[in-house]
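*Asks:* just to be clear, the model below is a prediction. Sequence and coordinates:
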Amino acid sequence: MKIRLINITFALLLCLVGSVNAETLTLNDCLKRANANNPTLKTSAWDSRLAEENVRLVSASQYPRIDAQAGYTIQHKPQAVVIAGNSAETQQAQYATANIAANYTIYDFGRREARTQQAVSATGVSSNLFKVHQSDIFLQVIETYFAILESEKLIKNAQDEVIQIEQHRKIAQALFEEGVVTRNDILQADVRLAASRQRLLSSNNRRDNMWLQLNFLTGSNETFRADLEENAVVTTTEMNKLDESEVLNRRNEIQALRQSIEASEAEVKETTNGFMPELYTRLGMDYIQNKKAREQAIYSAIIGIKLNIFDGFSTTATKEKAIKNRSRSLDLLRQTESQIRLEVATSKNNARIAAERIAVSEAVIRQSEENLRINSERYKERVGTATEVLDAQTLSTQARTDFYSALYEHQISLARLKRAVGEL
């Protein structure tokens, strides 16, 4: 007896230590982990960094370009000229050469500035698209988080149903042994019990899969498990206080498209000015080793103008392409604005209906439990049938399932609404 008491005490201590050390994973914790460790976001972040480097690349045209080169030439015979029938060499047979030159575009009628503006706008597009991906990942985390909570409730619901049917089967077995019911009552209970256990297995499997999904989204080890916050809620701004223009300004998709249009405008400007000339300067030093020449190093300074006369209509085609690309971006912006308006309206409706479903399903739970109690008592008093009891148990389980579905669907609907108005 004393050893048994010690074992019980030790088991209680282990349970107490386990409950103290159990980690509670809040919804905000998951969002922070996803922001820091999600593999998709890590990959997407490189687009912004590459775009920033592209700005540096384009900005290089604001500075002069300095080139240097050197070489050594070996000829079979030196070059010579014929003067009055006499041949005179003008260079050495073997000689070294070197030159250094600085080239700088003084003015190109805005093409250089347009290219820089395109690169800057592209950086803004990449940054906003990253935020779009971030918002999508956050929504997936929230959906998965509440799916796990719902699975936990459905597992408890299925366990309760199994216990209820097992109790009913015991009653049916006792009544069968008394000879007041047929064996059919026991067979019915066995069939319903098997179905309930299958639902329990399915709920367990869904919970495990959702945990795998959550661990992937948050960059955690696939075996990681923790206690989730049952009272987690999604908070949103009062929707009636948001006007349409404010919602559109919050959406990163809209910001990205607007910056894409800015880049298209800069592209049109660049291609339009492609028909204009370019003013440039060049400073250089050219050295040729030649003992037969007085000046071996030539220093020069050039200021000039370049103009393309004909390029096979390449400049014209490039301009038309830029104009059509700008028109496409404008149409895409209008389409996306319409889709966002639809998304906001749909999300509002879904959140409202989910809230109404919660109120309805709460009342149904109380009614289904009372119905089960009445039919169970009737069966014990031998005035009801086993089918009525099993049907009442199914209705009770379904009522609780519908309640949990409505409860967590409401939170998910709020999260989708939050994303729709640009708050997520």
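*Replies:* Looks like it came in fine.

*Asks:* and the strand or helix carrying residue 192, how far out from the chain middle?
*Replies:* Element membership for residue 192, per DSSP states H and E: helix 183-218. Taking C-alpha atoms, centre = their mean, to the nearest Å, the mean C-alpha location of helix 183-218 is offset from the chain mean by 31 Å.

*Asks:* any buried residues in that helix, and which?
*Replies:* By neighbour count on 16 or more other C-beta atoms under 10 Å, the buried set for helix 183-218 is 185-186, 188-189, 192-193, 196, 199-200, 203, 206-207, 210-211, 213-218. Heads up, the C-betas are built off the backbone N, CA and C, glycines and all.

*Asks:* do stretch 394-412 as well
*Replies:* Per 16+ other C-beta under 10 Å, stretch 394-412 contains these buried residues: 394-397, 399-412.

*Asks:* from the residues you listed, which land in strands?
*Replies:* Assigned to strands by DSSP state E, none of the buried residues of stretch 394-412 qualify.

*Asks:* let me see the contact set for the nearest residue to residue 378 once chain neighbours are set aside.
*Replies:* Distances taken as C-beta to C-beta, 6 or more residues apart in numbering place residue 384 nearest to residue 378, at 3.0 Å, with adjacent residues excluded. Neighbouring residues of residue 384 by C-beta atoms under 8 Å, 6 or more residues apart in numbering: 375, 377, 378.

*Asks:* now do residue 285
*Replies:* Taking C-beta under 8 Å, 6+ apart, we find residue 285 in contact with 99, 100, 101, 297, 298, 299, 300.

*Asks:* repeat that for residue 367.
*Replies:* If you count contacts by C-beta under 8 Å, 6+ apart, then residue 367 has residue 399 around it.

*Asks:* roughly how far does it sit from residue 404?
*Replies:* 17 Å (C-beta to C-beta, to the nearest Å).

*Asks:* one more: residue 287?
*Replies:* 86 Å.

*Asks:* check residue 33 too.
*Replies:* Applying C-beta to C-beta to residue 33 and residue 404 gives a distance of 25 Å.

*Asks:* before we move on, back to that, of the buried residues of stretch 394-412, which belong to helices?
*Replies:* 394-397, 399-412 (DSSP state H).

*Asks:* ok, residue 45 - contacts?
*Replies:* With C-beta under 8 Å, 6+ apart, residue 45 has these contacts: residue 130.

*Asks:* quick one: residue 132 and residue 256 touch, right?
*Replies:* Yes: assessed by C-beta atoms under 8 Å, residue 132 is found in contact with residue 256 at 7.0 Å.

*Asks:* I am finished for the moment; much appreciated.
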